[in-house]
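J.: just need the structure, nothing else, for what follows:
(2 chains)
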Number of protein chains: 2
Amino acid sequence: MAKQNLNIVLVGAGNVATHLGRAWHKAGVNILQVYSRNHTPASTLARKINATPLSNPAEIDASADAVIFSLRDNSYLNVLEKVDLHDTLLLHTSGSLDMGILSAASNRIGVIYPLQTFNKHKILDLSQTPFLLEAGSDADMPMIEKLAALITGNIVHISSEQRATLHVSAVFSCNFVNYLYTIAEDLLKEKNLDLDLIRPLILETAQKVMTESPSEVQTGPAKRNDTKIITKHLESLYNNPEYRELYKNLTEKIIHRNKESFKNDKL
Amino acid sequence: MAKQNLNIVLVGAGNVATHLGRAWHKAGVNILQVYSRNHTPASTLARKINATPLSNPAEIDASADAVIFSLRDNSYLNVLEKVDLHDTLLLHTSGSLDMGILSAASNRIGVIYPLQTFNKHKILDLSQTPFLLEAGSDADMPMIEKLAALITGNIVHISSEQRATLHVSAVFSCNFVNYLYTIAEDLLKEKNLDLDLIRPLILETAQKVMTESPSEVQTGPAKRNDTKIITKHLESLYNNPEYRELYKNLTEKIIHRNKESFKNDKL
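T.: Numbering: from 1, shown residues only, chains lettered A, B, ... in the order given. Sure, this is the predicted structure:
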């Protein structure tokens, strides 16, 4: 893409910084610097996107159009207290942090939160990923929108409170879901069965809710309250007490939920 | 597709029977009859696939190449005691039932279990779906394979015991996963947020494990043991005690699992 007349600095060199840095670099944004507490990740990422690695946050270039923080939530205050960028636009990319945390280091603050799951080694197409934006001042929103629009066609304005709700929902529908996949993999491995056997099921389960409401497409023994199968499954999990307990817990919740909706249907 | 010289009977008219019936009909199989305890579902399905609806299982045509049972697990014995088809090949499509249950009504038995999630109103492409086959006698396997191959390119031979493990794994990675999607939808609704915001995340979470092992791509606050976010999330779920308890439970399990693997890494 054509060179953009935009200069940014990345603070952090983890999964999110890597994906966003690559995407902005590809879109022609000039990435001046990459800061990371540790030298190796900073220089690895900096090399890929033609930036200068930094190990001292005090050296961040205050003339940048935006400085984008993608750190672990725990590390923000530690880095912010070492910088003084009071006229520079600071953005963070976190689903859970209030925008206000950045006011420790600047008067111009905002959020650019890509709602997606990132692993360093997988190239992702972010063009459909929702980017959730927030700005401390209306005057800074156009710059945040410009940066987001270089990566995605899916821009949404939300408050810190709504973002927090989205983040909890993302934990349920992504992190916890992946953990359930892990359990399935464990159970199959014990019997020398390959995960390939249930991969089409995993994909269809996700694809089904792309157009439908999850509550309307629930299937399975718990949904049907099929006590015979449920008992058999619990017996088969005898050697996995943790998974057994979780099976029981989730099954009870699904049965309860469907009883409730059955009652409502009758009203 | 060309007319097959194959005659079958379907016992049951639910989601599985409907999808398989449509697929075999499309592949040129002659579906003689559809039995269901209730007239309406039998005649609805029978009309679609050019079959005769039956309400009395004693009238099942014993000359069929195979009679395929897709019932609720609880209903099998009830129907089987009403039929005498001792020389006819009987197959069931259940993930959890032993093949042996069919020997109540015939000497020729087998299983043809499509490992997928079915809803009546969504047309599914079953050409990649694993069909898990089992036969009481080697002599009957070619017929079971022939029927499966008319629908899928993914045929697997497994035992009843392995099939039971696959079925429990499917409950975790499909039914329980969909329930987690439902929770996310509930949380978003409370704040007037649309599920569309996390649909790309849901899809990517599933797509990621198409090529990777779920245990290797786990992400999120629990994986990082990010106590600050976890505490915040638990606080935000204060008004949803059931979801709060589940969040806590799953988070503890993920933390524990990652501690274990960390310990192993050090060995």
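
J.: where is the longest helix in chain A?
T.: helix A:241-266 (DSSP state H).

J.: same for it, what does it pack against?
T.: Contacting helix A:241-266 under the criterion 3 or more CB pairs under 8 Å, 6 or more residues apart in numbering or on different chains; DSSP states H and E are the following elements: helix A:177-190, helix A:221-224, helix A:227-236, helix B:177-190, helix B:241-266. Backbone N, C-alpha and C define where each C-beta goes, glycine included.

J.: can you put those in CSV and add mean neighbour count and distance to B:Ala148?
T.: Formatted as CSV, those follow (neighbours: other CB atoms under 10 Å in any protein chain shown; distance: least, CB to CB, whole Å):
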stretch, mean neighbour count, distance to B:Ala148
helix A:177-190, 23, 21
helix A:221-224, 22, 24
helix A:227-236, 17, 23
helix B:177-190, 22, 26
helix B:241-266, 15, 36
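
J.: now for these, which one comes closest to B:Ala149?
T.: Closest to B:Ala149 of these is helix A:177-190 (CB to CB; 24.2 Å).

J.: okay, the angle between the closest one and helix B:177-190?
T.: 170 degrees (axes from the mean of the first three to the mean of the last three CA atoms, to 10 degrees).

J.: after helix A:177-190, next one along is what?
T.: As assigned by DSSP states H and E, the chain's next helix or strand after helix A:177-190 is helix A:199-211.

J.: residues of that following helix that come out buried?
T.: By 16 or more other CB atoms under 10 Å in any protein chain shown, the buried positions in helix A:199-211 come out as A:Arg199, A:Pro200, A:Leu201, A:Ile202, A:Leu203, A:Glu204, A:Thr205, A:Ala206, A:Gln207, A:Lys208, A:Val209.

J.: now swap in stretch A:60-80 and tell me
T.: So for stretch A:60-80, counting by 16+ other CB under 10 Å, buried means A:60, A:64-71, A:73, A:76, A:79-80.

J.: hang on, the earlier thing: dump the helices and strands packed on helix A:241-266 to JSON lines, plus mean pLDDT and distance to B:Pro221.
T.: Listed next are those as JSON lines, based on pLDDT from 0 to 100; distance: least, CB to CB, whole Å:
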{"stretch": "helix A:177-190", "mean pLDDT": "97", "distance to B:Pro221": "12"}
{"stretch": "helix A:221-224", "mean pLDDT": "92", "distance to B:Pro221": "27"}
{"stretch": "helix A:227-236", "mean pLDDT": "92", "distance to B:Pro221": "29"}
{"stretch": "helix B:177-190", "mean pLDDT": "97", "distance to B:Pro221": "15"}
{"stretch": "helix B:241-266", "mean pLDDT": "83", "distance to B:Pro221": "7"}
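
J.: tell me the pLDDT at A:Pro214?
T.: pLDDT for A:Pro214: 97.

J.: what about it, neighbour count?
T.: 22 (other CB atoms under 10 Å in any protein chain shown).

J.: from what I can see it touches B:Val177, true?
T.: No. Checked against CB atoms under 8 Å, the pair A:Pro214 and B:Val177 is beyond contact range at 9.3 Å.

J.: distance from the chain centre to the longest helix of chain A, please.
T.: Per CA atoms, centre = their mean, to the nearest Å, the displacement of helix A:241-266 from the mean C-alpha position of its chain is 28 Å.

J.: next: stretch A:233-253.
T.: 29 Å.

J.: how close does A:Ser36 get to B:Gln128?
T.: 42 Å (CB to CB, to the nearest Å).

J.: quick one, phi/psi of the residue in the stretch 1-150 of chain A that chain B sits nearest to?
T.: For the stretch 1-150 of chain A and chain B, the shortest gap (CB to the nearest CB) falls at A:Ser96, measuring 4.7 Å. Main-chain dihedrals, A:Ser96, degrees, to the nearest 10: phi -110, psi -20.

J.: the buried residues of stretch A:60-80 in strands, which ones?
T.: A:Ala66, A:Val67, A:Ile68, A:Phe69 (DSSP state E).

J.: out of those residues, which touch chain B?
T.: With CB under 8 Å from any CB of the partner chain as the criterion, the subset of these in contact with chain B is empty.

J.: okay if I get the residues you listed as JSON lines plus pLDDT?
T.: Below are these laid out as JSON lines (pLDDT from 0 to 100):
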{"residue": "A:Ala66", "pLDDT": "98"}
{"residue": "A:Val67", "pLDDT": "98"}
{"residue": "A:Ile68", "pLDDT": "98"}
{"residue": "A:Phe69", "pLDDT": "97"}
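
J.: follow-up on the earlier one: okay, now the residue of the stretch 1-150 of chain A closest to chain B: neighbour count?
T.: 22.

J.: likewise A:Thr44?
T.: Applying other CB under 10 Å, we find 15 residues neighbouring A:Thr44.

J.: do A:Asp196 as well
T.: Neighbours of A:Asp196 (other CB under 10 Å): 12.

J.: find me the pLDDT at it, would you?
T.: Confidence score, pLDDT, at A:Asp196: 95.

J.: how much space separates it from A:Phe69?
T.: Taken as CB to CB, the span from A:Asp196 to A:Phe69 is 40 Å.

J.: quick one, what contacts the residue in the stretch 51-200 of chain A that chain B sits nearest to?
T.: The stretch 51-200 of chain A approaches chain B most closely through A:Asn175 (3.1 Å), counting by CB to the nearest CB. Contacts for A:Asn175 (CB atoms under 8 Å, 6 or more residues apart in numbering or on different chains) come out as A:Thr117, B:Gln218, B:Thr219, B:Gly220, B:Pro221, B:Ala222, B:Lys223, B:Ile254.

J.: same check on A:Ile183?
T.: With CB under 8 Å, 6+ apart, A:Ile183 has these contacts: A:Tyr243, A:Leu246, B:Ser169, B:Phe172, B:Ser173.

J.: distance to A:Ile155 added to the residues you listed, as CSV?
T.: Below are those laid out as CSV (distance: CB to CB, whole Å):
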residue, distance to A:Ile155
A:Tyr243, 41
A:Leu246, 38
B:Ser169, 39
B:Phe172, 35
B:Ser173, 33
